[in-house]
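Visitor: Here's a sequence, model it:
(chains A, B, C and D)
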Protein chains: 2
Amino acid sequence: MRPNQPSLTPAGEVKRAQPPTLRDVAEAAGVHAATASRALNPSTRRLVSAETARRVIKAAKTLGYQPNPIARSLKTAKSSTVGLVIPDLTNPLFPPIVRGIEDVLEAEGFSAWIVNTDNDPERERARIDSLRSRQVEGLIIATARVDHPFLEALHEQGVKMVLVNRRVENLEVPCVTADDATGIALAVRHLAELGHRRIAHLAGPHSTSTGVVRSRAFRHAIRDHGLEDDPSLTVECAHWNEADGATAMRELLDRDNRFTAVVAGNDLIALGCYDVFAERGISCPDEMSVVGFNDMPFIDKLRPPLTTVGVPHHDIGAEAARMLLDCIEEPDRRPRSLLLPVTLVVRDSTAPPSARPSS
Amino acid sequence: MRPNQPSLTPAGEVKRAQPPTLRDVAEAAGVHAATASRALNPSTRRLVSAETARRVIKAAKTLGYQPNPIARSLKTAKSSTVGLVIPDLTNPLFPPIVRGIEDVLEAEGFSAWIVNTDNDPERERARIDSLRSRQVEGLIIATARVDHPFLEALHEQGVKMVLVNRRVENLEVPCVTADDATGIALAVRHLAELGHRRIAHLAGPHSTSTGVVRSRAFRHAIRDHGLEDDPSLTVECAHWNEADGATAMRELLDRDNRFTAVVAGNDLIALGCYDVFAERGISCPDEMSVVGFNDMPFIDKLRPPLTTVGVPHHDIGAEAARMLLDCIEEPDRRPRSLLLPVTLVVRDSTAPPSARPSS
DNA sequence: TTGTAGGCGTTATCAA
DNA sequence: TTGATAACGCCTACAA
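Guide: Reported below is the predicted structural model:
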């Protein structure tokens, strides 16, 4: 017999009460455990009499019964759990997405395991393996690269997943992304309307779909507005971060191009531009306009406040979670993809080009 | 018999191979499951012959065996899991702490469940209940208030926990915090050395130990430097955020105090000051110096870059995780508290007081 | 409508 | 040193 009240061990210390189990509830209600299980489970409750159900539920409440999700998982092979694979939680892009995901999951009784890959494929493998061993029912992945054989392999194995922010070529998996192309188009139009003619692009890495899509959209937009379409005005950054943004900006300036505005692949790359402006005494927006992408928190507090493309990160997370839950519930549903609308947020980093003598 | 190779169901679809279980490994190695278990488990490996262990381990590797942590948890009543209770993941303070925690947990085979309370006691209760039902072995709590009966109750119930950033009065629980008092002392000394005599303090909420400790340290430091010790120079913010920082700053200015510098309770409150400066055309640091606390990411990119107290957030997380693991391993160890060293990071938001006519 | 029995995958306690 | 057995808490055919 397992003690359910604090009791004394031979040594005399107080032993903690174990949490009540289903059997304790059943006993208290004077029914069998199976009956109690049915009564407590909304989907099987119709199998027991209303009176019995009432008694069981009351007993459960009295005892403070909480079902043991571990035992339940072992039996049902479901964990009510999903994995969340992101590069790095300290990148301010991700927390709002994570909150969006959790808000939806929580409402459905699911929880998320968050893992950071630091963009290391080895680490990604290991962390995803660990998630799988914990029986997650699906994955939300924010680390996808254009060519990502590991994700393809997972998909082959029937692992349910949803991609956020990114896509993988030739992979039939649901995605939720911002409308990158429109965002870039808005940025270019804004600069064109201010009077800029030579606009540069600091592209994100082309190993990511986001980098590719934004780059392509940039070229399109430039042509659409009849602006100078000079390939040397685009530099690809090695990573989506400040340091590589700064490097790319330096390269661009060293080419001695007479551009007056930059569309940065994202806000962090734009931050790198700011660093280079400080280094070289370039004044923004007087001498150079910059547009970012994402509208990260606090980016409006910069010097100068950054004009950028606003992305509904919370919604991206929420939609992705909803999609994954859909996949889990109806495994045969066809993968949909969602493109969420973006907005241009004009601040002080963009202005008409100065009349300064161009070199 | 459970099929371990993909097989055909009556309907003809391919059935996914189940992941191999311990029994599969045992069978492949020609031993009993119990033996395989012992061989695979480092702590019991000495109970089997070296030869058997080798065979089992090899078989496990060949089959790609991954122990099922759910089954293991059910048996051992341990989940290798801890709960992480924070107010809001989108507050940039927390991601580095979380990473520090995860880095340590991961090395020990533990994982963390993160929950956000949004500083809502009701929600905190619910989320912690849910963590407990998931059998977490302990909690790391970043939401503690000075008076926090719920945490006391948990402690009474024997729930293992470690507090980060905060303390609870009369609660004998291990804590990991930054050395707030020293940080504030450094800030005040820096301002005093610049020549400021009337220094204000925008205190964090006194419902949090951090708010109390920093406030008290401020008064001490002011007296130590023989500066003007005027209680009306301190305003308490309702929350640790921008909006309430701005409100408090407006109140301070409206009192028409002739202070020339502000020690903000944290960086977000300092951000609120920046907003008010913009509103009222006050130039920082020329007319007003500000010091923040925490050295949040990107705070160096503000206009002007913020002078602040640098806090080792990653270390705070790492130490807290280590402490919790210690508590889990040796339940009887006495609670220790750790005070981590801080540094003053001088940037451009502080300067000598101007010679402008005071009022 | 309710009870019985068996098992999810693992580990602990026996006995051999 | 290994094997047999039972049990962790829950769910679900099946039988009553």
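
Visitor: Can you give the domain ranges for chain A?
Guide: Structurally, chain A divides into domains by automatic domain parsing as follows: A:1-67, A:79-178+A:313-340, A:180-311.

Visitor: Pull up the distance across the last one, start to finish.
Guide: Between the opening and closing residues of domain A:180-311 there is a gap of 9 Å (C-alpha to C-alpha, to the nearest Å).

Visitor: Now do it, average pLDDT.
Guide: Here domain A:180-311 scores 95 as its mean pLDDT.

Visitor: Please read off the pLDDT at the residue in the stretch 151-300 of chain A that chain B sits nearest to from the model.
Guide: Using C-beta to the nearest C-beta, the closest approach of the stretch 151-300 of chain A to chain B is made by A:Gly158 at 5.3 Å. Bear in mind the C-beta positions are built from the backbone N, C-alpha and C, glycine included. Note on A:Gly158: pLDDT of 88.

Visitor: what's the answer for A:Ser354, then?
Guide: 81.

Visitor: What distance do you get for the residue nearest to it when sequence neighbours are not counted to B:Pro92?
Guide: Once flanking residues are discounted, A:Ser354 sits nearest to A:Asp286: 5.5 Å by C-beta to C-beta, 6 or more residues apart in numbering or on different chains. For A:Asp286, the distance to B:Pro92 equals 30 Å [C-beta to C-beta, to the nearest Å].

Visitor: which of those two has more neighbours?
Guide: B:Pro92 (21 against 13; other C-beta atoms under 10 Å in any protein chain shown).

Visitor: wait, doesn't that one sit right on A:Pro92?
Guide: Yes - with contacts counted by C-beta atoms under 8 Å, B:Pro92 reaches A:Pro92, the gap being 6.2 Å.

Visitor: so what sits against both of those two?
Guide: A:297-298, B:297-298 (C-beta atoms under 8 Å, 6 or more residues apart in numbering or on different chains).

Visitor: Give me the subset of these lying in strands.
Guide: Members of these lying in strands (criterion: DSSP state E): none.

Visitor: For B:Ala178, state which of the residues you listed is nearest.
Guide: The closest of these to B:Ala178 turns out to be B:Pro297 (C-beta to C-beta; 16.1 Å).

Visitor: Find the residue closest to that closest one in space, skipping its chain neighbours.
Guide: Closest to B:Pro297 by C-beta to C-beta, 6+ apart is B:Pro92, at 5.4 Å.

Visitor: Doesn't the one you found lie inside a strand?
Guide: No - going by DSSP: H, G, I helix; E, B strand; the rest coil, the assignment for B:Pro92 is coil, not a strand.

Visitor: which residues touch it?
Guide: A:92, A:95, A:297-298, B:296-298.

Visitor: Same list, those residues, but as CSV with distance to B:Val311 please.
Guide: As requested, the contacts of B:Pro92 are exported to CSV (distance: C-beta to C-beta, whole Å):
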residue, distance to B:Val311
A:Pro92, 18
A:Pro95, 19
A:Pro297, 19
A:Phe298, 17
B:Met296, 9
B:Pro297, 12
B:Phe298, 15
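
Visitor: buried sites along stretch A:131-141?
Guide: When neighbours are counted by 16 or more other C-beta atoms under 10 Å in any protein chain shown, the buried residues of stretch A:131-141 are found to be A:131-132, A:134-141.

Visitor: and what of stretch A:320-330?
Guide: Buried-residue list, stretch A:320-330, by 16+ other C-beta under 10 Å: A:320-325, A:327-328.

Visitor: now do stretch A:82-97
Guide: A:82-97.

Visitor: Tell me where the stretch 151-300 of chain A has strands.
Guide: Here the stretch 151-300 of chain A has its strands, by DSSP state E, counting those that start in this stretch, at A:161-164, A:175-178, A:199-203, A:234-236, A:261-264, A:289-291.

Visitor: circling back: pick the one among the buried residues of stretch A:82-97 closest to A:Gly272.
Guide: For those, the closest approach to A:Gly272 (C-beta to C-beta) belongs to A:Asn91, at 14.3 Å.

Visitor: Return the residues in contact with that closest one.
Guide: Contacts of A:Asn91 were listed using C-beta under 8 Å, 6+ apart, and they are A:Leu268.

Visitor: Can you tell me how far the residue in chain A positioned nearest to chain B is from B:Cys284?
Guide: Scanning chain A for proximity to chain B using C-beta to the nearest C-beta identifies A:Arg303 as nearest, at 3.3 Å. According to C-beta to C-beta, A:Arg303 stands 12 Å off from B:Cys284.

Visitor: just the helices in the stretch 1-150 of chain A please.
Guide: Using DSSP state H, counting those that start in this stretch, the helices of the stretch 1-150 of chain A run over A:22-29, A:33-40, A:50-63, A:69-76, A:94-107, A:121-133, A:149-156.

Visitor: Just tell me which of the ones you listed ends up closest to B:Glu108.
Guide: Nearest to B:Glu108 among the helices of the stretch 1-150 of chain A is helix A:121-133; the distance by C-beta to C-beta comes to 12.9 Å.

Visitor: tell me the most buried of the helices of the stretch 1-150 of chain A?
Guide: helix A:94-107 (a mean of 22; mean count of other C-beta atoms under 10 Å in any protein chain shown).

Visitor: does any part of it sit near chain B?
Guide: Yes - against chain B, helix A:94-107 shows contacts by C-beta under 8 Å from any C-beta of the partner chain at A:95-96, A:98-99, A:102.

Visitor: and which of the residues you listed is nearest to A:Pro341?
Guide: Nearest to A:Pro341 among the residues of helix A:94-107 next to chain B, with distances taken as C-beta to C-beta, is A:Pro96, at 16.1 Å.

Visitor: what's the nearest residue to that closest one if we skip its chain neighbours?
Guide: Using C-beta to C-beta, 6+ apart, the closest residue to A:Pro96 is A:His313 (3.8 Å).

Visitor: Close to DNA strand D: what parts of the stretch 51-200 of chain A are there?
Guide: Residues of the stretch 51-200 of chain A lying close to DNA strand D (C-beta under 7 Å from any atom of the strand) are A:65, A:67-68, A:71-72, A:74-76.

Visitor: Adding distance to B:Thr44 and pLDDT, write the residues you listed out as TSV.
Guide: Listed next are these as TSV, based on distance: C-beta to C-beta, whole Å; pLDDT from 0 to 100:
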residue	distance to B:Thr44	pLDDT
A:Tyr65	34	90
A:Pro67	31	90
A:Asn68	25	91
A:Ala71	24	93
A:Arg72	28	92
A:Leu74	21	90
A:Lys75	26	91
A:Thr76	29	89
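
Visitor: what's the first-to-last distance across stretch A:142-157?
Guide: 19 Å.

Visitor: Identify the residues contacting it?
Guide: By C-beta under 8 Å, 6+ apart, stretch A:142-157 touches A:84-87, A:94, A:97, A:117, A:119, A:121, A:124-125, A:128, A:139, A:141, A:161, A:163-173, A:206-209, A:212, B:16.
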